[in-house]
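Participant: below are the sequence and a predicted model for it; my questions follow.
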Amino acid sequence: MTNIVNLRQFKKRQNRAVKEQTARENRVLFGRTKAEKEKTKLEEKSTERFFDEHQRETPTSSKNTLSPVAQNTTEEN
């Protein structure tokens, strides 16, 4: 004797399996805990602060805005 299958339940089970597989793939691709996200933000802020503090100051009143190489080429002409 054959088993009787309720198609509605079969379709629901099949859809759940597909959704679960998609969820598994997304967890691998995009899944990060809140702690990991916060750690990344802190590292980015720390790196940005480090570079801002160690940036060379540019002179505020420079008469020539051309680079030294560009100045040499314009003087020769």
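Facilitator: Alright, I've got the coordinates.
Participant: number of residues surrounding residue 43?
Facilitator: For residue 43, the neighbour count with other Cβ atoms under 10 Å is 10. In this view, the C-beta of every residue, glycine as well, is placed from N, C-alpha and C.
Participant: ok, it to residue 37 distance?
Facilitator: 11 Å (Cβ to Cβ, to the nearest Å).
Participant: kindly report the same for residue 22.
Facilitator: In this structure, residue 22 and residue 37 are 22 Å apart, going by Cβ to Cβ.
Participant: could you point out which element follows the lengthiest helix in the chain?
Facilitator: The longest helix of the chain (DSSP state H) is helix 7-30. Under the assignment DSSP states H and E, the closest C-terminal helix or strand after helix 7-30 is helix 34-53.
Participant: what lies in contact with that next one?
Facilitator: For helix 34-53, there are no external contacting residues (Cβ atoms under 8 Å, 6 or more residues apart in numbering).
Participant: quick check: phi and psi on residue 2?
Facilitator: Dihedral angles of residue 2 (phi, psi; degrees, to the nearest 10) stand at phi -90, psi 160.
Participant: please disregard the earlier target; I meant residue 33.
Facilitator: According to degrees, to the nearest 10, residue 33 has phi -80, psi 160.
Participant: tell me, how many residues neighbour it?
Facilitator: 8.
Participant: low pLDDT regions in the chain?
Facilitator: Where the chain drops to pLDDT under 70, the residues are 59-77.
Participant: and the residue lying farthest from the centre of the chain, how far from residue 40?
Facilitator: Largest separation from the mean C-alpha position in the chain: residue 1, at 57.3 Å (Cα atoms, centre = their mean). Residue 1 sits 59 Å away from residue 40, going by Cβ to Cβ.
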